[in-house]
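Novice: here you go, sequence then predicted model.
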Amino acid sequence: MRFILTPCLMVVLAASTAFAADDVPGWVTAAAARKAPVYPANVTAVVLFQEESLSVDPDGRRVMRERGAIRILQRGGETLAASRSYNSKSGRIRDFQGWLIPPTGKPTIYGKDRIVDTAVSEGLYDEVRLKVLECGNASPGSVFAWEVTEEEKTVFTQYEYAFQERLPVLTSRFSLTLPPGWEFSAAMMNREPLEPKKSGNSATWELLDLAQIEDEDYSPSLSALIPRVVLGYFPPVASQVGLRALKDWTAVSAWLTSLVDPAVEASEPIRAKATQLAAGSASEIEKIRAIAAFVQDTRYVAVSLNVTRGGGYTPRRAGEVLARNYGDCKDKATLMRALLRGVGIEAYLVTIAADDRTYVRPEWASPLQFNHAIVAIKISGATTAPAVVESKTLGRLLMFDPTDSITPVGDLPLDEQGSYALIVAGAEGTLAQMPFLSAATNRVDSSVTGALNDEGLLSAQVKRTYYGQSGVAIRAAEKSAGGAEFKKRFERSYSRRLPGSVLSRVSANSSREDSSVVVNIDLTADRFGQIMQGRLFIVRPGVLTSGGEYYFTSKQRTTPVKLYADLRHDSIRIKLPAGLKVDQLPSPARIESPYGALESTWSVQNGEIVMQETFEIRETLVPASEYAKVREFFDLVGGAHSAPVVFVKQ
């Protein structure tokens, strides 16, 4: 449901045809003549110029013209193309051309014969397509430029423009031109407010000298870093020209309700199926779980239709989804609403961003911010679960994603937790923040019991219980990968921390009731106990903990560090061979910081070495200026996990 509105560079190969230099527009030659600063060695290209203009006609039709020019700075195997998506039912790409200006020799121009038209997704039905203008390889110093014009008749009166992607940009500009009497409101995202320059009916936003956004480990999503301008525009009240002036979230909810509610039909097949699924369920939550499990197993197939009328938000009727046993997110949400209504439980469709919990901003009342649909189930006080929100207008609501086949009722996918989402319920609809499930809800409890022989061979049994979202990857692998591949997942993990380890058994058992999965592992590891100088026996029990560390290799940082809430309890007990005396035992470790906390203790009891640890990471966005501190914290954690217990052979 979220549309691509800015250019992207893609890897393609193509031949070229030469034209006269006179065919190159003045803006292209001016961009190619610009000098760029000296960048670090990892910067392979620079965007010299990027511009998009949006012009709206009195009847609501809009025309978008995009221009861009990029210079290749060094060889990196890059090949270039410009692309733009469009809706095949409501619009078209009116013109698309490109130019390649080499350091020496004649320019090359690319026209319509070089354009490839392709589907955006692999969905069964999709009205959104992509046109790609292929360029090919370019040597350092070359400038690739493109211009594309799109026209569209849409129900939306919102738009957004990203001033850059990752590459540095010298000049990035966006302009809006409206008919006389129309109004607009705008906001800047990920940057301080920027007032546009106004001239007549036009407004222009411009940013200069944008630095490259580094692709660094544990960074926030790119959409949370790049500067964007978002806006809505409104025709005069007396001349609505068929457009909906979505000025606030109540207006967005009312509009979407008219699109999604008619599909929630209480047909006889729906009522019969709901009764069948809920048979034997004594409580409200049991009915919800039974229906949820059925909808989760309904096949997911991407469907993007009715984009001109409903922006892709119009679902198919619940009876049709039930009969065909497939649908996309909004179809599955509609089916679940209908089945719940069949047993007397009301539910609402909820629009959300599925892949980025920071993407939706309350200050921009626009359905363009959403790309996913889930449900909000109206529940009584008898039903309790972590994923419950309280609405002033709608009461207690249990949030659930029926498209996610792994996450059970009561839980929410990690990327949806804390996100703003719109509960679609007419005039009572509201933008609500989804619950943040506590670290304890998503904790990992791990216990290891084992024994060492005289030569340092460890034989151990591991039991780990993953709760909530900590077990999503485990449940997914268990469900789809098969036993052999599931075992390899843990073998790869142990091989990094415990070289020479062999896993003879890996099994898992999931529970929907408490959203947990229990994994049991039998393993051996030679040289776990290291013998030095013939008399010292060294053991590092911390390498058997359940993990959770963040690893940083670079000394400097330009983007924030995103830490996700995590809580782990580890208990390790290893029986020692006879004849060992403790020579060195680590002092208890107590590490406290804004980023998390760790408490570890080591002891020797009744011929066993015992390690107990609680490790917590706090949900934090750490600014790049604190990189040295967060790196120090995790270095200390790593030191505790590698701390040696030293024995002397007697």
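Specialist: Happy to help now that I have it. Residues are numbered from 1 along each chain as shown.

Novice: got the domain ranges for the protein?
Specialist: 21-234, 249-433, 444-649 (automatic domain parsing).

Novice: quick one: the longest one to chain centroid distance?
Specialist: Meaning domain 21-234. Distance of domain 21-234 from the chain centroid (CA atoms, centre = their mean, to the nearest Å) equals 23 Å.

Novice: stretch 328-347 too?
Specialist: 25 Å.

Novice: would you point out which residue is most central in this structure?
Specialist: Nearest to the mean C-alpha position of the chain, by CA atoms, centre = their mean, lies Asp355 at 2.8 Å.

Novice: how far away is that residue from Arg71?
Specialist: Per CB to CB, to the nearest Å, Asp355 is found 31 Å from Arg71. Every C-beta, even on glycine, is put in place using the N, C-alpha and C of the backbone.

Novice: what's the answer for Ala186, then?
Specialist: With CB to CB as the criterion, Ala186 and Arg71 are 30 Å apart.

Novice: now the domains of the chain as CSV including mean pLDDT and distance to Leu243?
Specialist: As requested, those are exported to CSV (pLDDT from 0 to 100; distance: least, CB to CB, whole Å):
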stretch, mean pLDDT, distance to Leu243
domain 21-234, 91, 5
domain 249-433, 92, 11
domain 444-649, 93, 37
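
Novice: please name the bridge partners of Lys197.
Specialist: Thr204 (DSSP bridges).

Novice: wait, Lys575
Specialist: In this entry, Lys575 is beta-bridged to Ala451, Glu608, by DSSP bridges.

Novice: Ile531 too?
Specialist: Beta-bridge partners of Ile531, as defined by DSSP bridges: Phe537.

Novice: what's the answer for Leu598, then?
Specialist: Residues in beta-bridge contact with Leu598 (DSSP bridges): Ile591, Phe615.

Novice: surely it and Ile591 touch.
Specialist: Yes - Leu598 is within contact range of Ile591, at 4.4 Å (criterion: CB atoms under 8 Å).

Novice: mutual contacts of those two, please.
Specialist: Leu636, Val637, Ala640 (CB atoms under 8 Å, 6 or more residues apart in numbering).

Novice: pretty sure the second one is in a helix, no?
Specialist: If I follow you right, that is Val637. Yes - assessed by DSSP: H, G, I helix; E, B strand; the rest coil, Val637 belongs to a helix.

Novice: one step back: what's near enough to touch the residue nearest to the centre of the chain?
Specialist: Asp355 neighbours (CB under 8 Å, 6+ apart): Ser221, Asn371, His372, Asp415.

Novice: 7 Å - rerun?
Specialist: Asp415 (CB atoms under 7 Å, 6 or more residues apart in numbering).

Novice: quick one, phi/psi of it?
Specialist: phi -110, psi 0 (degrees, to the nearest 10).

Novice: Arg489 too?
Specialist: Here Arg489 shows phi and psi, under degrees, to the nearest 10, equal to phi -60, psi -40.

Novice: which non-adjacent residue is nearest it?
Specialist: Ala477 (5.4 Å; CB to CB, 6 or more residues apart in numbering).

Novice: could you do Arg317 as well?
Specialist: That would be Ala263: by CB to CB, 6+ apart, it lies 4.7 Å from Arg317.

Novice: is it fair to say Ala365 lies in a strand?
Specialist: No - under three-state DSSP, Ala365 falls outside any strand and is assigned coil.

Novice: quick one, phi/psi of it?
Specialist: phi -80, psi 90.

Novice: contact partners for it?
Specialist: Ala365 touches Leu246, Lys247, Asp248, Trp249, Val252, counting by CB under 7 Å, 6+ apart.

Novice: now it: how far from Ser185?
Specialist: Separation of Ala365 from Ser185 (CB to CB) stands at 9 Å.

Novice: and what of Ser480?
Specialist: When Ser480 is compared with Ser185 (using CB to CB), they lie 45 Å apart.

Novice: neighbour count winner among those two?
Specialist: Counted by other CB atoms under 10 Å, Ser480 and Ser185 do not tie: Ser185 has more neighbours, with 14 against 11.

Novice: now do the SS call for the more buried one.
Specialist: Put simply, Ser185 is strand when judged by three-state DSSP.

Novice: what's the answer for Ala254, then?
Specialist: Quick answer, by three-state DSSP: Ala254 is helix.

Novice: hang on, it packs against Gly426?
Specialist: Yes - here Ala254 reaches Gly426: they are 5.6 Å apart, a contact under CB atoms under 7 Å.

Novice: give me the more crowded residue out of those two.
Specialist: Taking other CB under 10 Å, Ala254 and Gly426 do not tie; Ala254 has more neighbours (18 against 15).

Novice: how near is the more buried one to Arg337?
Specialist: The value you get for Ala254 to Arg337, if CB to CB is used, is 18 Å.

Novice: who touches Arg557 in this structure?
Specialist: Glu216, Ala624, Tyr627.

Novice: the nearest residue to the second one once chain neighbours are set aside and Phe634: what is the separation?
Specialist: When you say that, I think you mean Ala624. The shortest distance from Ala624 to any non-neighbouring residue, by CB to CB, 6+ apart, is to Arg557 (4.6 Å). Distance, Arg557 to Phe634, using CB to CB: 13 Å.
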